[in-house]
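Trainee: here you go, sequence then predicted model.
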Amino acid sequence: MKRAALIFVVAWACLVTPANALETPSSAPQDNRVRFVDYEPYNITKVVGSLRSSVQVEFAEDEEIAHVALGNTVAWEVAPAGNILFLKPRENQPVTNISVVTTRRNGATRSYQMELTVRDGSVASGQPTYFYVKYRYPADEAGRRRQEAAARAQAAQAGYADKVLTFHEQYGPRNWRYSAQGSAALEPEAVYDNGKLTTFAFTGNQEMPAIYMENSDGTESLVPKSVEGDLVLVQ
């Protein structure tokens, strides 16, 4: 019974052991010297630099490096440029670290922690060396997809509303209570409105007259119109 309890305790301890926060970037299929890592604010990214070569670390496009703190300034050179950080090992010394703080366009900041290891050896493909490390941002991508989906839904809703309005303009209730005075040659075949547009219908080769509106002071002004076949539309 005691042994069973001991085994259970050991197994439980293994299950609750915290995960290692050191993240090793994954290799690109084409070349293992190109690496990718998903951004996690509380993870530490492993970066291996080889003597006589450099490492390029790229952050998000909307970020700019604001502060860099290097643990061992003798063994490593660092050069920030926009959203890119260049690292170069100078001496084969023990593991150290670098902290980077970036500023995003929206004013927010991001913090990056990296563990720096120096190696001396071949930098040919297949060797454990890094030339390029690119951070990826799954949370940003998910948020961007949600925004795009919401924009598409909003556009679809707006398109549907436009279709409904167009349908009502074409087939909805109409006011036909209009009368005509003046020359019969200029009289339209029909006049009606739907509360938004007033439509004048002319037939055949009938001349389409200019349409004026009487202002409150008794003057007249030309009304903008559009012509669709034998129909003159006035808003």
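Mentor: Nice, thanks for sending it over.
Trainee: given the helix or strand encompassing residue 80, what are its sheet partners and their directions?
Mentor: Residue 80 belongs to strand 76-81 when elements are defined using DSSP states H and E. Using DSSP bridges, strand 76-81 pairs in its sheet with strand 84-89 (antiparallel).
Trainee: where does this protein have low pLDDT?
Mentor: 1-20, 160-171 (pLDDT under 70).
Trainee: grab the most central residue of it for me.
Mentor: Geometric centre of the chain, nearest residue: residue 144, 4.3 Å, by Cα atoms, centre = their mean.
Trainee: for it, helix, strand, or coil?
Mentor: When the structure is reduced to helix, strand and coil (DSSP: H, G, I helix; E, B strand; the rest coil), residue 144 reads as helix.
Trainee: return the strand holding residue 80 as PDB; C-alpha atoms alone will do.
Mentor: Taking Å, rounded to 0.1, in the frame of the first residue of the first chain, the C-alpha atoms of strand 76-81 are listed here in PDB:
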ATOM      1  CA  TRP A  76      28.200  39.600 -27.900                       C
ATOM      2  CA  GLU A  77      27.700  42.500 -30.300                       C
ATOM      3  CA  VAL A  78      24.100  43.900 -30.800                       C
ATOM      4  CA  ALA A  79      22.700  46.300 -33.400                       C
ATOM      5  CA  PRO A  80      19.000  47.200 -33.400                       C
ATOM      6  CA  ALA A  81      17.400  48.500 -36.600                       C
END
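Trainee: was I right about residue 68 contacting residue 85?
Mentor: Yes. Residue 68 is within contact range of residue 85, at 7.2 Å (criterion: Cβ atoms under 8 Å). (C-beta placed from N, C-alpha, C; glycine too.)
Trainee: domain map for this protein?
Mentor: Domains of the chain are assigned by automatic domain parsing as 18-136, 138-171, 184-234.
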